[in-house]
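>>> Quick one, what's the 3D model for this:
(2 chains)
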Amino acid sequence: MLMADDSSNPLRDPQDRRLPRIAGPCGVVIFGVTGDLSRKKLMPAVYDLANRGLLPPGFSLVGFARRDWADQDFAQIVHDSVKEYARTPFREEVWNQLAEGFRFVPGDFSDDAAFGQLRDTIEQLDRERGTAGNHAFYLSIPPRFFPDVIGQLKEHGLADNHPQSWRRVVVEKPFGHDLESAQALNAVVSEVFPAESVFRIDHYLGKETVQNILALRFANQMFEPIWNSNYVDHVQITMAEDIGIGGRAGYYDGIGAARDVIQNHLLQLMALIAMEEPVSFDAHSLQLEKQKILRAVRRPARLDLHTARGQYAAGWAGGEKVPGFLDEQDIPNDSRTETFAAIKLGIDTRRWGGVPFYLRHGKRLGRRVTEVAVIFKPAPHLPFTQTATEELGHNALVIRVQPDEGVTVRFGSKVPGTAMEIRDVNMDFAYGGTFVESSPEAYERLILDVLLGDPPLFPQHEEVELSWRILDPIIEHWADLGPPDAYDAGTWGPNSAVEMLARDGRVWRRP
Amino acid sequence: MSIDLTATNASKIASALLLERRKAGSPSMGMVLTLIVITDEGDHYDALKAARAVSREHPARILGVIRRPARGAANLDAEIRIGEGGSGETVLLRMSGELAKHPESVVLPLLLPDSPVVAWWPAKPPEDPATDPIGALAQRRITDTASVGRGRSHAILTQATHYAPGNTDLSWTRLTSWRALLAAALDQYPAKVIGGEVQAERVNPSADLLVAWLTQRLKVDIQRGVTKGPGITSVSLRTGGGDITISRPDGALADFAIPNAPARPVALKRRELPELLAEELRRLDPDDVYAQTAKSLCRIAERTAESPAKGSASTARSEGPDSAGSKGVARTKSAGSKKSISKKPAAKKVTPKEVTPKGAAPKKASAQSSARS
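Model (predicted):
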């Protein structure tokens, strides 16, 4: 690799923290460039990176899709998506710099000629733009096309890593739909690309708030002593969406809430909340700690009592009348796909023994929110009369992942007045005010990390596999049951989820 | 919302701030620092506008300090603004009479508890910011020698001479994107640099700092050329295999050229004040690299003073006796075969003072370029 490490470059100094890491010479090839993700996230993120001066001079972006486009048509598409979705202001000179590196290759994934052309294009870029043979292939396509594309990349010599340059592949979730398919998928990818060249994007891990979980836990003294089963009663991890499945029927039917979100985002969040302190923040140490947690996860013995699933029915959500899941376009009338899933997990470690983790995700819930709530045990003794503390609940520390990013601490405080009366109050830290302008989109961070070859924020295949091992038996259990419990759109899920916590003497927090 | 208080004092201002916050319905404070802007009647509008823009990224209590002529009775007038396109609070303090000599007595009670204090002189800075009464309250002192009316090249030298931990200058901040690109160039082409040149308009503190930084980091002579600007127009670093050149004739789009690769355009915009200020506020601990650069600037100035003949495009020998030993030698471990250094065209303006045995720079060149592969 042509990139020198910091120590050999006299202009770099670890003390010099103003200097950003600029990726070395490289380019990105996006497959599925016409898709939503590519238009709304990837291309704007590329522009934002260029605007912040973090892309190398000569950076090139190659689009690959089944469209009859010339390079200029492609540039127009990128232009439109950047104008509409980019985070930073549009600047002509940045655009011009970037646009010179746009190429488009029309073709099918099974089309040998197209991949031959892709190869020529890349070689031409290496000569003309100095991308030096470093290219990342971004597979923004359904997994069923992976074998085709990856096979073609291999066949045309596009995946070969040379000692002087790198080739990386970026894949999006879903990483399979169960353990077996995840392994098959991994076999396809790893046959061509070595493990360190495979970057699995879980965009949640690129979020500032998620990274802040590590800062909050490991940079502070005041949280760690109570971060264990002596003080923590239970943990609730919620990711709620207020929208339905929208146009994703084709993908969503048969997949459902647990596979779509719990397997990746929520289990990753749980691992970050629960893991021990890594020896350093390099990729390997982080993965090691996360894997230890995922390995230590214990499913409840009675899945019927400690899991819940639901499917939204027609109703009024946020002032609008919305259809039920079964009425959505392209969803069969008898679909048993769940749009709400809640599960209880234990972690068999000394720190977490006996502390349940409740994970829930659903569509068409009350509002859009993702948060992690660590709920503490009640004080062992209250020197107040019972009436004084009737309104006092559990102390809680809530990490608000999105929207309204921040941290809330909930504790009891005296109500002003003559009588001793205690109730819960919130203490808020809001990123909204503090860091919002500079907060980069998760995709910016992740794309830059791919180009720098910096893998800490990307889940490895082992984690994916462990997650499926946790989830598969639950999904199999559900498959044997009847249809999921219906819940009205715009509410917080089916009754069975409420009962599931009530069995443990707990209630869901209203996020 | 704007409130005027006349003939007031710090504690009345503090209660007015608290009252306003409660009225707005949000009594808790999300502000992370106090930013003191030392300005005057003429410049305060622009300076406070930039400060408020920055407060969206770094919510701050902004204290604008205007010192009026010290004649007449001591008086303090304050103008409080909350909301209005920034987050946090802005107080404009006008001090006159004898009070103008004691501005710190007004500012001290208005600092946010425990959180960092930053002092910023948008125009003329004190000679020694760290001992300035207000500067002494702050752990970060931001000057801007490029906006000093007269004697700008002298101004940056004054600041460099009086460097104290926590001092920084916006002409240093303006260099970040240049420095990032130069570092990236050496990442891509890790060859030993044997000389170089910075071209910029005649008076440009940033260019002087860039020369000092490159001299200090690369331990070679860096020339200072004069062009029409705007700002810095080009930087080139000579290596055994050819020149690394970044040229930006128009202040917006630069050309990036390294040996053995096609030249490429790269956006290199001159940044606006709020952007520069925001970068400064992102880190509030002393900037060690700026400290080294300031020191290097002073050394270069001393040497120029010793051999005055050459004027502004003077040659700066790199190493003081202390720095030559440790770092320079550490990087030479495997000095390989000599390579074409002597073939350098003599026509270059650079006077490649062939280096003393101690530095042995030319030999290092080949070691580095062979390591590059």
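>>> now the helices for chain B?
Assigned by DSSP state H, chain B shows helices spanning B:10-23, B:44-55, B:104-107, B:152-161, B:170-173, B:176-188, B:205-218, B:273-282, B:288-306, B:321-323, B:329-330, B:361-372.
>>> for the stretch 1-150 of chain A, what spans make up the strands?
Using DSSP state E, counting those that start in this stretch, the strands of the stretch 1-150 of chain A run over A:27-31, A:60-65, A:102-106, A:135-139.
>>> Check the stretch 1-150 of chain B too.
Using DSSP E, counting those that start in this stretch, strands in the stretch 1-150 of chain B cover B:2-5, B:33-39, B:60-67, B:75-82, B:88-96, B:117-120, B:140-143.
>>> Just checking the distance from the last one to the centre of its chain.
Centre-to-centre, strand B:140-143 and its host chain are 9 Å apart (C-alpha atoms, centre = their mean, to the nearest Å).
>>> One more: the third one?
Here the centre of mass of C-alpha atoms in strand B:60-67, compared against the chain's by C-alpha atoms, centre = their mean, lies 21 Å away.
>>> The second one too?
Strand B:33-39 has its average C-alpha position 17 Å from the chain's average C-alpha position, going by C-alpha atoms, centre = their mean.
>>> Low-confidence stretches in chain B?
Scanning chain B for pLDDT under 70 picks out B:25-29, B:84-86, B:153, B:308-373.
>>> can you tell me how far the residue positioned nearest the centre of chain A sits from residue A:223?
Nearest residue to the geometric centre of chain A (C-alpha atoms, centre = their mean): residue A:204, 2.7 Å. Distance of residue A:204 to residue A:223, computed by C-beta to C-beta, to the nearest Å: 21 Å. Bear in mind the C-beta positions are built from the backbone N, C-alpha and C, glycine included.
>>> The least confident helix or strand in chain A by mean pLDDT: what's the following helix or strand?
Ranked by mean pLDDT, DSSP states H and E, the weakest helix or strand in chain A is helix A:431-434, scoring a mean of 54. Per DSSP states H and E, the first helix or strand lying C-terminal to helix A:431-434 is helix A:442-452.
>>> what packs against that following helix?
helix A:43-51, strand A:198-201 (3 or more C-beta pairs under 8 Å, 6 or more residues apart in numbering or on different chains; DSSP states H and E).
>>> Can you lay out these as CSV showing mean neighbour count, distance to residue A:265 and mean pLDDT?
Listed next are the helices and strands packed on helix A:442-452 as CSV, based on neighbours: other C-beta atoms under 10 Å in any protein chain shown; distance: least, C-beta to C-beta, whole Å; pLDDT from 0 to 100:
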stretch, mean neighbour count, distance to residue A:265, mean pLDDT
helix A:43-51, 24, 19, 90
strand A:198-201, 23, 12, 90
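>>> out of the strands of the stretch 1-150 of chain B, which comes closest to residue A:246?
Residue A:246 lies closest, by C-beta to C-beta, to one member of the strands of the stretch 1-150 of chain B: strand B:88-96, at 38.8 Å.
>>> distance between the closest one and the chain's centre?
That offset, for strand B:88-96, works out to 26 Å (C-alpha atoms, centre = their mean).
>>> Please name every helix or strand in contact with that strand.
So strand B:88-96, by 3+ C-beta pairs under 8 Å, 6+ apart, packs with helix B:10-23, helix B:44-55, strand B:60-67, strand B:75-82, helix B:104-107.
>>> what sits opposite residue A:398 in the beta ladder?
Taking DSSP bridges as the rule, residue A:398 bridges to residue A:373, residue A:408.
>>> Would you agree it is in contact with residue A:371?
Yes: at 5.6 Å, residue A:398 and residue A:371 qualify as touching, with contact defined as C-beta atoms under 8 Å.
>>> Give me the below-cutoff pLDDT ranges for the stretch 51-200 of chain A.
Checking the stretch 51-200 of chain A against pLDDT under 70 turns up nothing.
>>> what does it have sitting close to chain B?
By the criterion of C-beta under 8 Å from any C-beta of the partner chain, the positions of the stretch 51-200 of chain A lying close to chain B are A:51, A:53, A:56-58, A:91, A:93-94, A:96-97, A:100, A:127-130, A:132, A:164.
>>> Could you identify the buried members of those?
For those, a burial check counting by 16 or more other C-beta atoms under 10 Å in any protein chain shown picks out A:51, A:53, A:56, A:57, A:58, A:93, A:94, A:97, A:129, A:130, A:132.
>>> tell me the contacts of the first one?
When you say that, I think you mean residue A:51. When the contact criterion is C-beta atoms under 8 Å, 6 or more residues apart in numbering or on different chains, the partners of residue A:51 are A:86, A:88, A:89, A:91, A:94, B:267.
>>> check contacts around residue B:9.
B:76, B:106.
>>> That one and chain A, how far apart?
Distance from residue B:9 to chain A, counting by C-beta to the nearest C-beta, to the nearest Å: 29 Å.
>>> Residue B:142 now?
14 Å.
>>> Please apply the same query to residue B:180.
For residue B:180, the distance to chain A - C-beta to the nearest C-beta - is 5 Å.
>>> Just the ones of the contacts of residue A:51 in helices?
Per DSSP H, these map to helices at residue A:94.
>>> from the contacts of residue A:51, which is closest to residue A:252?
Using C-beta to C-beta, residue A:86 comes nearest to residue A:252 of the contacts of residue A:51, at 28.2 Å.
>>> How many neighbouring residues does the closest one have?
19 (other C-beta atoms under 10 Å in any protein chain shown).
>>> Closest to residue A:195 out of the contacts of residue A:51?
Closest approach between those and residue A:195, by C-beta to C-beta: residue A:86, at 32.8 Å.
>>> That closest one contacts residue A:46, doesn't it?
No: if you go by C-beta under 8 Å, residue A:86 and residue A:46 don't touch, sitting 9.2 Å apart.
>>> so what sits against both of these two?
By C-beta under 8 Å, 6+ apart, residue A:86 and residue A:46 have no common neighbours.
>>> circling back to that earlier point, mind putting the helices of chain B in TSV, distance to residue B:228 and mean neighbour count included?
As requested, the helices of chain B are exported to TSV (distance: least, C-beta to C-beta, whole Å; neighbours: other C-beta atoms under 10 Å in any protein chain shown):
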stretch	distance to residue B:228	mean neighbour count
helix B:10-23	48	14
helix B:44-55	26	20
helix B:104-107	42	18
helix B:152-161	16	20
helix B:170-173	19	26
helix B:176-188	18	23
helix B:205-218	13	26
helix B:273-282	23	20
helix B:288-306	23	18
helix B:321-323	34	10
helix B:329-330	41	11
helix B:361-372	32	20
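>>> Tell me the secondary structure at residue A:222.
coil (DSSP: H, G, I helix; E, B strand; the rest coil).
>>> possible to save the helices and strands packed on helix A:442-452 as CSV with distance to residue A:456?
As requested, the helices and strands packed on helix A:442-452 are exported to CSV (distance: least, C-beta to C-beta, whole Å):
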stretch, distance to residue A:456
helix A:43-51, 18
strand A:198-201, 11
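>>> quick revisit: show me the one of the helices and strands packed on strand B:88-96 that comes nearest residue A:42.
Judging the helices and strands packed on strand B:88-96 by C-beta to C-beta, what sits closest to residue A:42 is helix B:44-55, at 29.5 Å.
>>> hmm, what's the outermost residue in chain A?
Most distant residue from the mean C-alpha position of chain A: residue A:418, 49.2 Å away (C-alpha atoms, centre = their mean).
>>> And it, how far from residue B:250?
In terms of C-beta to C-beta, residue A:418 sits 72 Å off from residue B:250.
>>> Could you look up the SS state of the closest residue to chain B within the stretch 151-300 of chain A?
Nearest residue of the stretch 151-300 of chain A to chain B: residue A:164, at 7.3 Å (C-beta to the nearest C-beta). Of the three states, residue A:164 takes coil under three-state DSSP.
>>> So it is in contact with residue A:25, correct?
No: the pair residue A:164 and residue A:25 fails to qualify as a contact (C-beta under 8 Å) at a distance of 11.3 Å.
>>> Excluding sequence neighbours, find me the nearest residue to residue A:150.
For residue A:150, ignoring the flanking residues on the chain, the nearest one in space by C-beta to C-beta, 6 or more residues apart in numbering or on different chains is residue A:192 at 5.2 Å.
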